[in-house]
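>>> Pasting a predicted model and its sequence here:
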Amino acid sequence: MWVRARLHIGWSDLAYGLWSCLHSAPRANLTRRAEAYWSSQDDTLACFSVRSGFDLLLQALTFPQDSEILFSALNVKGMIKIARRHGLVPVPVDLDIPHMGPSLEALERAITPKTRAIVVAHLFGTRLDLDGVVDLAKRHNLLILEDCAQAFDGHLYAGHPDSDVAMFSFGPLKTATALGGALLRIKDPALLARMRQIQAAYPKQSRGAFLVRILKFAGLKVVTSRPVFALIHRFFRAGGKDYEDSISNSVRGVATLGSNKQLRFQASDAMLALLDRRLGLWRDGSLETRAGTGEELHRLLGDRVVQPAIANPIHTYWVFPILVDEPRKMIRKLRDAGFDGANLPRSEAVAAPDNRPELAPEIARDALAKLLILPCYPGMPHAELEREANLVLEILEDDRQKQASDEPSSPTTNTAPSQPMPTAQEAGRIPSRTAG
(Lines give C-alpha, C1' and ligand atoms only; values in the text may rest on other atoms or scores of the structure.)
Protein backbone atom coordinates (compact mmCIF):
# COMPACT_ATOMS: atom_id res chain seq x y z
CA MET A 1 0.00 0.00 0.00
CA TRP A 2 1.40 3.37 -1.05
CA VAL A 3 0.51 5.63 1.87
CA ARG A 4 -0.38 9.26 1.21
CA ALA A 5 0.19 10.48 4.81
CA ARG A 6 3.93 9.99 5.15
CA LEU A 7 5.81 11.58 8.04
CA HIS A 8 8.59 13.75 6.61
CA ILE A 9 11.03 12.90 9.39
CA GLY A 10 13.80 10.34 9.71
CA TRP A 11 14.61 7.92 12.51
CA SER A 12 17.75 9.87 13.36
CA ASP A 13 15.61 13.00 13.86
CA LEU A 14 13.25 11.11 16.14
CA ALA A 15 16.23 9.77 18.11
CA TYR A 16 17.57 13.34 18.42
CA GLY A 17 14.17 14.46 19.68
CA LEU A 18 14.18 11.73 22.31
CA TRP A 19 17.67 12.73 23.43
CA SER A 20 16.58 16.36 23.60
CA CYS A 21 13.85 15.40 26.05
CA LEU A 22 16.67 14.46 28.41
CA HIS A 23 19.24 17.07 27.47
CA SER A 24 19.28 20.01 25.07
CA ALA A 25 21.08 23.29 24.49
CA PRO A 26 19.94 26.34 26.48
CA ARG A 27 16.45 27.42 25.48
CA ALA A 28 17.54 30.97 24.65
CA ASN A 29 20.11 29.69 22.14
CA LEU A 30 17.63 27.34 20.48
CA THR A 31 15.02 30.09 20.19
CA ARG A 32 17.49 32.62 18.84
CA ARG A 33 18.76 30.26 16.12
CA ALA A 34 15.27 29.21 15.01
CA GLU A 35 14.01 32.79 14.93
CA ALA A 36 17.04 33.92 12.92
CA TYR A 37 16.48 31.28 10.20
CA TRP A 38 15.42 33.80 7.55
CA SER A 39 16.69 37.03 8.99
CA SER A 40 18.83 38.51 11.75
CA GLN A 41 16.46 41.49 12.02
CA ASP A 42 14.57 40.06 15.03
CA ASP A 43 11.31 39.81 13.07
CA THR A 44 10.33 36.20 13.78
CA LEU A 45 8.58 34.47 16.68
CA ALA A 46 8.74 30.76 17.48
CA CYS A 47 5.35 29.39 18.60
CA PHE A 48 3.82 26.12 19.76
CA SER A 49 1.86 25.79 16.47
CA VAL A 50 0.45 27.98 13.72
CA ARG A 51 -2.93 27.91 15.42
CA SER A 52 -1.32 28.92 18.69
CA GLY A 53 0.50 31.73 16.89
CA PHE A 54 -2.71 32.88 15.14
CA ASP A 55 -4.53 32.98 18.47
CA LEU A 56 -1.62 34.94 19.92
CA LEU A 57 -1.69 37.36 16.99
CA LEU A 58 -5.41 38.07 17.42
CA GLN A 59 -4.88 38.73 21.13
CA ALA A 60 -2.18 41.27 20.33
CA LEU A 61 -4.18 42.97 17.55
CA THR A 62 -7.27 43.57 19.75
CA PHE A 63 -9.64 44.08 16.84
CA PRO A 64 -13.08 45.42 17.85
CA GLN A 65 -15.79 42.80 18.36
CA ASP A 66 -17.57 41.79 15.14
CA SER A 67 -14.64 42.94 13.00
CA GLU A 68 -14.35 40.93 9.80
CA ILE A 69 -11.39 38.88 8.62
CA LEU A 70 -11.34 37.70 5.02
CA PHE A 71 -10.18 34.11 4.55
CA SER A 72 -9.23 32.11 1.48
CA ALA A 73 -12.45 30.13 1.23
CA LEU A 74 -10.81 26.70 1.58
CA ASN A 75 -9.16 26.66 4.98
CA VAL A 76 -8.36 24.62 8.07
CA LYS A 77 -11.29 24.37 10.45
CA GLY A 78 -9.18 25.31 13.45
CA MET A 79 -8.22 28.72 12.09
CA ILE A 80 -11.87 29.65 11.56
CA LYS A 81 -12.78 28.52 15.09
CA ILE A 82 -10.04 30.68 16.56
CA ALA A 83 -11.28 33.80 14.77
CA ARG A 84 -14.81 33.19 16.04
CA ARG A 85 -13.61 32.67 19.60
CA HIS A 86 -12.13 36.15 19.47
CA GLY A 87 -15.52 37.58 18.55
CA LEU A 88 -14.50 38.13 14.93
CA VAL A 89 -16.46 37.32 11.79
CA PRO A 90 -14.72 35.06 9.23
CA VAL A 91 -15.72 36.05 5.69
CA PRO A 92 -14.91 33.67 2.82
CA VAL A 93 -13.37 34.81 -0.45
CA ASP A 94 -14.07 32.23 -3.11
CA LEU A 95 -11.25 30.73 -5.14
CA ASP A 96 -10.47 29.97 -8.76
CA ILE A 97 -9.57 26.38 -9.53
CA PRO A 98 -6.36 26.95 -11.56
CA HIS A 99 -4.70 28.83 -8.66
CA MET A 100 -6.84 27.98 -5.59
CA GLY A 101 -6.37 31.60 -4.56
CA PRO A 102 -8.81 34.47 -4.07
CA SER A 103 -9.55 36.61 -7.09
CA LEU A 104 -9.17 40.37 -6.75
CA GLU A 105 -12.79 40.86 -7.82
CA ALA A 106 -14.02 38.54 -5.08
CA LEU A 107 -11.83 40.32 -2.53
CA GLU A 108 -13.21 43.71 -3.52
CA ARG A 109 -16.79 42.45 -3.13
CA ALA A 110 -16.08 41.04 0.31
CA ILE A 111 -14.48 44.15 1.84
CA THR A 112 -16.62 46.33 4.11
CA PRO A 113 -15.82 49.09 6.64
CA LYS A 114 -15.60 46.32 9.27
CA THR A 115 -12.86 44.40 7.42
CA ARG A 116 -9.53 44.44 9.23
CA ALA A 117 -7.36 41.74 7.62
CA ILE A 118 -6.99 39.22 4.80
CA VAL A 119 -5.76 35.67 5.48
CA VAL A 120 -4.42 34.13 2.26
CA ALA A 121 -3.40 30.46 2.25
CA HIS A 122 -0.92 28.86 -0.15
CA LEU A 123 -2.45 25.43 -0.76
CA PHE A 124 -1.05 21.98 -1.62
CA GLY A 125 2.60 23.09 -1.77
CA THR A 126 1.99 25.79 -4.36
CA ARG A 127 2.85 29.46 -4.03
CA LEU A 128 0.41 32.19 -5.00
CA ASP A 129 1.40 35.43 -6.67
CA LEU A 130 0.28 37.92 -4.01
CA ASP A 131 1.26 41.21 -5.65
CA GLY A 132 -2.33 42.07 -6.57
CA VAL A 133 -3.63 41.12 -3.12
CA VAL A 134 -0.95 43.28 -1.51
CA ASP A 135 -1.86 46.29 -3.62
CA LEU A 136 -5.56 45.88 -2.85
CA ALA A 137 -4.92 45.48 0.89
CA LYS A 138 -2.83 48.62 0.97
CA ARG A 139 -5.58 50.62 -0.74
CA HIS A 140 -8.05 49.53 1.93
CA ASN A 141 -5.59 49.73 4.86
CA LEU A 142 -5.92 46.00 5.63
CA LEU A 143 -3.40 43.67 7.23
CA ILE A 144 -2.11 40.80 5.06
CA LEU A 145 -1.79 37.55 7.02
CA GLU A 146 -0.06 34.93 4.89
CA ASP A 147 -0.67 31.27 5.75
CA CYS A 148 2.42 29.42 4.52
CA ALA A 149 1.76 26.21 6.47
CA GLN A 150 1.81 24.11 3.28
CA ALA A 151 4.44 26.15 1.45
CA PHE A 152 7.72 25.82 3.40
CA ASP A 153 10.68 25.84 1.00
CA GLY A 154 13.64 26.72 3.21
CA HIS A 155 15.34 30.04 2.54
CA LEU A 156 13.78 30.14 -0.93
CA TYR A 157 10.58 31.62 0.48
CA ALA A 158 10.18 33.64 3.68
CA GLY A 159 6.80 35.13 2.88
CA HIS A 160 5.88 38.01 0.59
CA PRO A 161 8.07 41.03 1.42
CA ASP A 162 4.95 43.17 1.98
CA SER A 163 2.99 40.70 4.13
CA ASP A 164 2.32 41.91 7.65
CA VAL A 165 2.52 38.35 9.02
CA ALA A 166 3.75 35.13 7.39
CA MET A 167 3.00 31.89 9.26
CA PHE A 168 5.01 28.68 8.71
CA SER A 169 4.09 25.33 10.28
CA PHE A 170 6.31 22.42 11.32
CA GLY A 171 3.46 20.18 12.44
CA PRO A 172 3.37 16.39 11.97
CA LEU A 173 2.56 16.23 8.24
CA LYS A 174 4.38 19.36 7.18
CA THR A 175 7.62 19.62 5.23
CA ALA A 176 10.64 19.59 7.60
CA THR A 177 8.33 18.59 10.46
CA ALA A 178 9.50 18.94 14.05
CA LEU A 179 6.24 17.24 15.17
CA GLY A 180 5.06 20.70 16.14
CA GLY A 181 6.16 24.28 16.28
CA ALA A 182 5.74 27.29 14.02
CA LEU A 183 7.62 30.39 12.95
CA LEU A 184 5.73 33.64 12.45
CA ARG A 185 7.39 36.55 10.67
CA ILE A 186 5.98 39.87 11.92
CA LYS A 187 6.65 43.12 10.08
CA ASP A 188 5.56 45.52 12.84
CA PRO A 189 8.10 45.52 15.72
CA ALA A 190 5.50 46.85 18.18
CA LEU A 191 3.09 44.04 17.30
CA LEU A 192 5.86 41.47 17.66
CA ALA A 193 6.78 42.90 21.06
CA ARG A 194 3.17 42.55 22.26
CA MET A 195 3.05 38.97 21.04
CA ARG A 196 6.31 38.14 22.81
CA GLN A 197 4.97 39.66 26.02
CA ILE A 198 1.74 37.66 25.89
CA GLN A 199 3.48 34.39 24.99
CA ALA A 200 6.01 34.83 27.81
CA ALA A 201 3.17 34.30 30.29
CA TYR A 202 2.20 30.96 28.73
CA PRO A 203 3.26 27.71 30.42
CA LYS A 204 5.88 25.67 28.56
CA GLN A 205 4.98 22.31 27.12
CA SER A 206 6.79 19.79 29.33
CA ARG A 207 9.62 17.62 28.06
CA GLY A 208 7.56 14.61 29.14
CA ALA A 209 4.64 15.65 26.96
CA PHE A 210 6.92 16.01 23.97
CA LEU A 211 8.56 12.65 24.75
CA VAL A 212 5.14 10.99 24.58
CA ARG A 213 4.52 12.82 21.29
CA ILE A 214 7.75 11.52 19.76
CA LEU A 215 6.98 7.95 20.82
CA LYS A 216 3.48 8.27 19.39
CA PHE A 217 4.75 9.42 16.02
CA ALA A 218 7.54 6.87 15.99
CA GLY A 219 4.77 4.28 16.26
CA LEU A 220 2.84 5.97 13.48
CA LYS A 221 5.95 5.94 11.30
CA VAL A 222 5.99 2.17 11.69
CA VAL A 223 2.25 1.90 11.13
CA THR A 224 2.38 3.94 7.93
CA SER A 225 5.19 1.90 6.39
CA ARG A 226 4.04 0.08 3.26
CA PRO A 227 3.85 -3.52 4.55
CA VAL A 228 2.29 -2.66 7.92
CA PHE A 229 -0.22 -0.26 6.42
CA ALA A 230 -1.28 -2.88 3.87
CA LEU A 231 -2.03 -5.29 6.73
CA ILE A 232 -4.06 -2.60 8.52
CA HIS A 233 -6.04 -1.91 5.36
CA ARG A 234 -6.86 -5.59 4.95
CA PHE A 235 -7.82 -5.90 8.65
CA PHE A 236 -10.24 -2.98 8.53
CA ARG A 237 -11.69 -4.06 5.19
CA ALA A 238 -12.33 -7.58 6.52
CA GLY A 239 -14.39 -6.02 9.30
CA GLY A 240 -16.28 -3.82 6.87
CA LYS A 241 -14.74 -0.64 8.29
CA ASP A 242 -12.57 2.23 7.04
CA TYR A 243 -9.25 2.98 8.74
CA GLU A 244 -9.51 6.70 7.85
CA ASP A 245 -10.57 8.03 11.27
CA SER A 246 -8.39 5.65 13.29
CA ILE A 247 -5.15 6.51 11.47
CA SER A 248 -5.51 9.96 9.92
CA ASN A 249 -6.86 11.73 12.99
CA SER A 250 -3.89 10.47 15.00
CA VAL A 251 -1.43 12.03 12.57
CA ARG A 252 -2.90 15.52 12.32
CA GLY A 253 -2.77 18.42 14.70
CA VAL A 254 -0.48 19.87 17.32
CA ALA A 255 -3.03 21.09 19.84
CA THR A 256 -6.64 20.12 20.21
CA LEU A 257 -9.19 22.87 19.87
CA GLY A 258 -11.36 22.21 22.91
CA SER A 259 -10.55 25.63 24.38
CA ASN A 260 -8.18 28.57 24.02
CA LYS A 261 -6.25 27.24 27.03
CA GLN A 262 -5.15 24.20 25.03
CA LEU A 263 -3.56 26.47 22.43
CA ARG A 264 -1.78 28.76 24.84
CA PHE A 265 1.52 27.00 25.40
CA GLN A 266 5.13 27.75 24.61
CA ALA A 267 7.03 25.08 22.72
CA SER A 268 9.04 22.78 24.99
CA ASP A 269 12.82 22.94 24.98
CA ALA A 270 12.87 19.55 23.24
CA MET A 271 10.52 20.74 20.46
CA LEU A 272 12.70 23.81 19.91
CA ALA A 273 15.78 21.58 19.79
CA LEU A 274 14.22 19.35 17.14
CA LEU A 275 13.04 22.38 15.15
CA ASP A 276 16.55 23.85 15.34
CA ARG A 277 17.97 20.57 14.01
CA ARG A 278 15.48 20.30 11.13
CA LEU A 279 16.15 23.89 10.04
CA GLY A 280 19.89 23.51 10.41
CA LEU A 281 19.99 20.38 8.24
CA TRP A 282 17.65 21.73 5.58
CA ARG A 283 19.24 22.24 2.18
CA ASP A 284 17.65 24.68 -0.24
CA GLY A 285 16.59 22.95 -3.43
CA SER A 286 15.92 19.67 -1.64
CA LEU A 287 12.28 19.75 -2.78
CA GLU A 288 13.27 19.47 -6.44
CA THR A 289 13.03 15.68 -6.34
CA ARG A 290 9.58 15.81 -4.78
CA ALA A 291 8.48 18.41 -7.32
CA GLY A 292 9.86 16.24 -10.13
CA THR A 293 7.83 13.25 -8.93
CA GLY A 294 4.73 15.42 -8.93
CA GLU A 295 5.49 16.65 -12.42
CA GLU A 296 5.86 13.05 -13.59
CA LEU A 297 2.44 12.05 -12.27
CA HIS A 298 0.95 15.26 -13.69
CA ARG A 299 2.37 14.37 -17.12
CA LEU A 300 0.99 10.82 -16.90
CA LEU A 301 -2.50 12.09 -16.07
CA GLY A 302 -2.35 14.81 -18.72
CA ASP A 303 -5.26 17.15 -19.29
CA ARG A 304 -7.88 14.50 -18.63
CA VAL A 305 -7.89 15.14 -14.89
CA VAL A 306 -8.61 18.45 -13.15
CA GLN A 307 -5.67 19.38 -10.90
CA PRO A 308 -6.40 22.40 -8.69
CA ALA A 309 -3.70 25.06 -8.17
CA ILE A 310 -1.67 23.80 -11.13
CA ALA A 311 -1.41 27.27 -12.67
CA ASN A 312 0.72 28.69 -9.86
CA PRO A 313 4.31 29.47 -10.83
CA ILE A 314 5.81 27.45 -7.94
CA HIS A 315 4.62 23.94 -7.11
CA THR A 316 6.56 21.68 -4.72
CA TYR A 317 3.81 19.03 -4.46
CA TRP A 318 3.39 18.85 -0.70
CA VAL A 319 0.36 16.78 -1.74
CA PHE A 320 -0.99 15.83 -5.16
CA PRO A 321 -4.67 16.92 -5.46
CA ILE A 322 -7.18 16.16 -8.18
CA LEU A 323 -10.93 16.83 -8.50
CA VAL A 324 -13.32 14.01 -9.38
CA ASP A 325 -17.12 13.72 -9.27
CA GLU A 326 -17.20 10.72 -6.91
CA PRO A 327 -14.09 10.82 -4.71
CA ARG A 328 -15.27 8.18 -2.21
CA LYS A 329 -15.85 5.69 -5.00
CA MET A 330 -12.40 6.35 -6.45
CA ILE A 331 -10.78 6.17 -3.01
CA ARG A 332 -12.19 2.67 -2.51
CA LYS A 333 -10.92 1.49 -5.90
CA LEU A 334 -7.50 3.07 -5.39
CA ARG A 335 -7.09 1.45 -1.98
CA ASP A 336 -8.07 -1.93 -3.37
CA ALA A 337 -5.25 -1.46 -5.89
CA GLY A 338 -2.71 -0.45 -3.23
CA PHE A 339 -2.93 3.37 -3.34
CA ASP A 340 -4.04 5.22 -0.23
CA GLY A 341 -6.20 7.97 -1.73
CA ALA A 342 -7.92 10.40 0.64
CA ASN A 343 -9.61 13.75 1.00
CA LEU A 344 -8.80 16.52 3.53
CA PRO A 345 -11.03 15.93 6.59
CA ARG A 346 -9.64 18.87 8.57
CA SER A 347 -10.41 21.42 5.86
CA GLU A 348 -13.66 23.25 5.23
CA ALA A 349 -15.24 25.76 2.90
CA VAL A 350 -15.61 28.82 5.12
CA ALA A 351 -19.29 29.64 5.59
CA ALA A 352 -20.55 33.06 4.59
CA PRO A 353 -21.97 35.27 7.37
CA ASP A 354 -25.73 34.92 7.73
CA ASN A 355 -26.30 38.47 6.53
CA ARG A 356 -24.11 38.04 3.42
CA PRO A 357 -25.32 34.86 1.69
CA GLU A 358 -24.12 36.17 -1.66
CA LEU A 359 -20.55 35.43 -0.51
CA ALA A 360 -21.18 31.70 -0.14
CA PRO A 361 -18.01 30.05 -1.57
CA GLU A 362 -19.62 27.79 -4.13
CA ILE A 363 -16.38 27.04 -6.01
CA ALA A 364 -14.46 26.15 -2.84
CA ARG A 365 -17.36 24.04 -1.54
CA ASP A 366 -17.61 22.15 -4.81
CA ALA A 367 -13.83 21.68 -4.98
CA LEU A 368 -13.70 20.30 -1.43
CA ALA A 369 -16.52 17.87 -2.20
CA LYS A 370 -14.60 16.61 -5.25
CA LEU A 371 -11.09 16.72 -3.78
CA LEU A 372 -8.93 13.61 -3.77
CA ILE A 373 -5.27 13.40 -2.66
CA LEU A 374 -3.15 10.85 -4.52
CA PRO A 375 0.01 9.24 -3.15
CA CYS A 376 2.92 10.92 -4.91
CA TYR A 377 6.39 11.33 -3.45
CA PRO A 378 10.03 10.38 -4.03
CA GLY A 379 10.49 6.65 -3.63
CA MET A 380 7.50 5.69 -5.75
CA PRO A 381 8.89 4.00 -8.88
CA HIS A 382 7.81 5.25 -12.29
CA ALA A 383 5.96 1.99 -12.88
CA GLU A 384 3.81 2.57 -9.80
CA LEU A 385 3.11 6.18 -10.72
CA GLU A 386 2.10 4.97 -14.17
CA ARG A 387 -0.13 2.26 -12.70
CA GLU A 388 -1.77 4.81 -10.41
CA ALA A 389 -2.35 7.26 -13.27
CA ASN A 390 -3.78 4.56 -15.53
CA LEU A 391 -6.12 3.41 -12.77
CA VAL A 392 -7.42 6.95 -12.19
CA LEU A 393 -7.98 7.44 -15.92
CA GLU A 394 -9.70 4.06 -16.27
CA ILE A 395 -12.10 4.83 -13.41
CA LEU A 396 -12.93 8.23 -14.87
CA GLU A 397 -13.49 6.78 -18.33
CA ASP A 398 -15.74 4.02 -16.97
CA ASP A 399 -17.79 6.62 -15.11
CA ARG A 400 -18.11 8.79 -18.22
CA GLN A 401 -19.24 5.86 -20.35
CA LYS A 402 -21.76 4.81 -17.72
CA GLN A 403 -23.09 8.35 -17.46
CA ALA A 404 -23.42 8.55 -21.25
CA SER A 405 -25.25 5.22 -21.42
CA ASP A 406 -27.66 6.27 -18.65
CA GLU A 407 -28.70 9.48 -20.44
CA PRO A 408 -31.98 9.19 -22.40
CA SER A 409 -31.38 9.29 -26.12
CA SER A 410 -33.47 11.44 -28.45
CA PRO A 411 -32.85 13.26 -31.72
CA THR A 412 -32.36 16.51 -29.79
CA THR A 413 -30.41 15.15 -26.83
CA ASN A 414 -26.67 15.44 -26.68
CA THR A 415 -25.44 12.07 -25.36
CA ALA A 416 -21.78 13.03 -25.09
CA PRO A 417 -20.25 12.45 -21.65
CA SER A 418 -20.40 15.42 -19.34
CA GLN A 419 -17.15 17.30 -19.19
CA PRO A 420 -15.23 17.94 -15.97
CA MET A 421 -14.42 21.37 -14.64
CA PRO A 422 -12.01 22.95 -17.16
CA THR A 423 -8.38 22.40 -16.38
CA ALA A 424 -5.83 25.17 -16.14
CA GLN A 425 -4.30 23.86 -19.35
CA GLU A 426 -7.61 24.27 -21.18
CA ALA A 427 -7.82 27.81 -19.87
CA GLY A 428 -4.37 28.50 -21.29
CA ARG A 429 -3.08 29.70 -17.94
CA ILE A 430 -0.15 27.39 -17.21
CA PRO A 431 3.17 29.18 -16.53
CA SER A 432 6.35 27.26 -15.97
CA ARG A 433 6.51 25.39 -12.67
CA THR A 434 9.64 24.97 -10.62
CA ALA A 435 10.56 23.93 -7.12
CA GLY A 436 11.99 27.30 -6.29
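Yep, it's here. All values derive from a computational prediction rather than experimental measurement.

>>> Tell me the buried residues in stretch 180-191?
Buried residues in stretch 180-191, counted by 16 or more other C-beta atoms under 10 Å: 180-187, 191. C-beta here means a position set from N, CA and C on the backbone, and glycine is covered the same way.

>>> among those, which are in helices?
Using DSSP state H, the subset of the buried residues of stretch 180-191 located in helices is Leu191.

>>> Quick check: of the buried residues of stretch 180-191, which lies closest to Val222?
Val222 lies nearest to Gly180 out of those, by C-beta to C-beta, at 19.7 Å.

>>> Against Thr62, how distant is the closest one?
27 Å (C-beta to C-beta, to the nearest Å).

>>> which stretches of the stretch 101-250 of the chain have low pLDDT?
226-230, 232-250 (pLDDT under 70).

>>> follow-up on the earlier one: quick check: the farthest pair among the buried residues of stretch 180-191?
Gly180 and Lys187 (24.8 Å).

>>> follow-up on the earlier one: show me the buried residues of stretch 180-191 that map onto strands.
Applying DSSP state E to the buried residues of stretch 180-191, the entries found in strands are 182-186.

>>> now the end-to-end length of stretch 276-294.
28 Å (C-alpha to C-alpha, to the nearest Å).

>>> residues of it that come out buried?
Those would be 276-279, 282, 286-287, 290-291, 293-294, for stretch 276-294 by 16+ other C-beta under 10 Å.

>>> Just name the closest of the residues you listed to Tyr37, please.
Leu279 (5.1 Å).

>>> any idea what sits nearest the closest one, other than its immediate chain neighbours?
Leaving aside its sequence neighbours, Leu279 sits nearest to Tyr37 (C-beta to C-beta, 6 or more residues apart in numbering; 5.1 Å).

>>> Isn't that neighbour up against Asp276?
No - when contacts are counted by C-beta atoms under 8 Å, Tyr37 is not listed as touching Asp276 (9.1 Å).

>>> related to what we said a few turns ago, turn the ones in strands among the buried residues of stretch 180-191 into JSON lines, columns for distance to Ser405.
Formatted as JSON lines, these follow (distance: C-beta to C-beta, whole Å):
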{"residue": "Ala182", "distance to Ser405": "51"}
{"residue": "Leu183", "distance to Ser405": "54"}
{"residue": "Leu184", "distance to Ser405": "54"}
{"residue": "Arg185", "distance to Ser405": "55"}
{"residue": "Ile186", "distance to Ser405": "58"}
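
>>> show me what contacts the closest residue to Asp325 other than its chain neighbours?
Nearest in space to Asp325, with sequence neighbours left out and distances taken as C-beta to C-beta, 6+ apart, is Lys370 at 6.3 Å. For Lys370, the contact set (C-beta atoms under 8 Å, 6 or more residues apart in numbering) comprises 323-325, 327, 421.

>>> Run through who's touching the strand or helix carrying Lys138.
Using DSSP states H and E, Lys138 falls within helix 131-139. Under the criterion C-beta under 8 Å, 6+ apart, residues 102, 104, 107-108, 118, 120, 143-144, 160, 162-163 lie in contact with helix 131-139.

>>> still on that earlier bit, return the closest of the buried residues of stretch 180-191 with respect to Gln307.
Ala182 (28.2 Å).

>>> Quick check: the gap between that closest one and Ala34.
10 Å.

>>> Now the common contact residues for the two.
The contact sets of Ala182 and Ala34 overlap at Ala46 (C-beta under 8 Å, 6+ apart).

>>> Show me where the stretch 51-200 of the chain has its strands.
In the stretch 51-200 of the chain, the segments counted as strands under DSSP state E, counting those that start in this stretch are 68-72, 74-76, 89-93, 95-96, 101-102, 115-121, 126-127, 143-147, 165-169, 182-186.

>>> Dead centre of the protein: give me the residue that sits there.
Gln150 (4.1 Å; C-alpha atoms, centre = their mean).
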